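Asks: only the shape, not the letters, is given here:
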């Protein structure tokens, strides 16, 4: 594993309305100075979904950035920022009749030195790419994913179900929400993808890896992912945000323009209307659950190689969880 100086972050992001929808309820945002990145997929119909996603993005990024000087762990800052985003969307939905019932999924990444932290609510996902292969980090908070995890439904049954859009946890639909938090260590060359389900309906982890690693730039990879979804019908909006971690001297000049993106690069800025004690969710990996249509080139990413990356990421998360438990035990003994 690498050690030493902090890694440089290259970032690129794109969002697309897709092939069926007439409005885009997805959005993304980030602040490179605070090292916080987020993708949201709004729901609620007409402008309400756009308002929900744009509000959540703005509040999460600004809250996390404001909290930079606080005496709190990065996990706590991320957790509180997600709770604040939920509160803002919920209060806005209650204040206007036309916004009642709106909400949004949210997946966020923040970087603390060489540590990666992921928080999610809903079925927008984070993927971790290393050594040519890809593993899903987050668990979907959706009815079908939960049925599969419980063993009540198999993957093929879930894929054929008409309940693809039924999520069980979202930002802004209830007064409180419990995000999942995942952490791991970063190495030079690692890539993280944050994406809405407009992509993951049409691309599994192997296909995502093939498209990203065959692209010459992060921006090109984002476009390739969106093109994949659109080539298969893209019934929903599609958003991809890619991060790559490199030593400062190796950061690629062609990625620089993407770093000047606005704080909230959501498509619905015009539509935008104007704490709880932190308790981290269990830190554990959630690997890709459902194989979907595969391109032949993706088969070059062999099962042993995938297993190696999944094992490495699982070990990183286990070490992190073990260290946290040891710290808690030590603190208890001191008390």
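Replies: Now that the structure is in, tell me what you want to look at. Because the structure is predicted, anything quoted here is derived from the model rather than measured.

Asks: distance of residue 115 relative to residue 131?
Replies: 19 Å (Cβ to Cβ, to the nearest Å). C-betas here are computed from N, CA, C, even on glycine.

Asks: could you do residue 243 as well?
Replies: Relative to residue 131, residue 243 is positioned 17 Å away (Cβ to Cβ).

Asks: go on, residue 213?
Replies: Using Cβ to Cβ, residue 213 is found at 10 Å from residue 131.

Asks: same question, residue 86
Replies: Residue 86 sits 36 Å away from residue 131, going by Cβ to Cβ.

Asks: so for those two, which sits in the more crowded spot?
Replies: For the pair residue 86 and residue 131, the greater number of neighbours falls to residue 86 (28 against 16), based on other Cβ atoms under 10 Å.

Asks: surely that one and residue 176 touch.
Replies: Yes - the criterion here is Cβ atoms under 8 Å, and residue 86 meets it with residue 176 at 7.1 Å.

Asks: helices of the stretch 101-250 of the chain, residue ranges please.
Replies: 143-150, 155-160, 197-200, 205-213, 218-231 (DSSP state H, counting those that start in this stretch).

Asks: after the helix or strand containing residue 38, which helix or strand is next?
Replies: Using DSSP states H and E, residue 38 maps to strand 36-43. Sequence-wise, the next helix or strand downstream of strand 36-43 (DSSP H and E) is helix 47-66.

Asks: the helix or strand following that following helix packs against which elements?
Replies: Proceeding N to C from helix 47-66, the next assigned helix or strand is helix 74-95, under DSSP H and E. For helix 74-95, the elements it packs on are helix 47-66, strand 103-112, strand 115-121, strand 180-185, judged by 3 or more Cβ pairs under 8 Å, 6 or more residues apart in numbering; DSSP states H and E.

Asks: what is the orientation angle of helix 74-95 with strand 115-121?
Replies: Helix 74-95 runs at 20 degrees relative to strand 115-121, counting by axes from the mean of the first three to the mean of the last three Cα atoms, to 10 degrees.

Asks: so helix 74-95 versus helix 47-66, what angle?
Replies: Using the same axes, to 10 degrees, helix 74-95 lies at 150 degrees relative to helix 47-66.

Asks: now do helix 74-95 and strand 36-43, the angle between them.
Replies: 30 degrees.

Asks: quick check: bridge partners of residue 105?
Replies: Beta bridges link residue 105 to residue 41 when assigned by DSSP bridges.

Asks: residues contacting it?
Replies: Contact analysis of residue 105 by Cβ atoms under 8 Å, 6 or more residues apart in numbering lists 40-41, 43, 120-124, 141, 167, 170-171, 196-197.

Asks: from residue 231, how far out is it?
Replies: 24 Å.

Asks: out of the contacts of residue 105, who's nearest residue 7?
Replies: residue 120 (22.3 Å; Cβ to Cβ).

Asks: residue contacts, the closest one?
Replies: 105-108, 126, 138-139, 141, 179-180.

Asks: from the contacts of residue 105, which one has the minimum pLDDT?
Replies: Ranked by pLDDT, those bottom out at residue 167, which has 80.

Asks: count of neighbours near that residue?
Replies: Neighbours of residue 167 under the rule other Cβ under 10 Å: 24.

Asks: touching, it and residue 139? I think so.
Replies: No - with contact defined as Cβ under 8 Å, residue 167 does not count as touching residue 139 (11.9 Å).

Asks: can you redo the helices and strands packed on helix 74-95 as TSV with distance to residue 204?
Replies: Supplementary listing: the helices and strands packed on helix 74-95 in TSV, determined by distance: least, Cβ to Cβ, whole Å:
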stretch	distance to residue 204
helix 47-66	25
strand 103-112	17
strand 115-121	18
strand 180-185	20
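
Asks: distance check, residue 208 against residue 240.
Replies: From residue 208 to residue 240 the distance is 9 Å (Cβ to Cβ).

Asks: overlap of the contact sets of the two?
Replies: Contact criterion Cβ under 8 Å, 6+ apart; residues shared by residue 208 and residue 240: 193, 199, 225.

Asks: where does pLDDT dip in the stretch 101-250 of the chain?
Replies: With pLDDT under 70 as the threshold, the stretch 101-250 of the chain has low-confidence stretches at 150, 154, 157, 160-165, 249-250.

Asks: specify the beta-bridge partners of residue 27.
Replies: For residue 27, the beta-bridge partners under DSSP bridges are residue 40.
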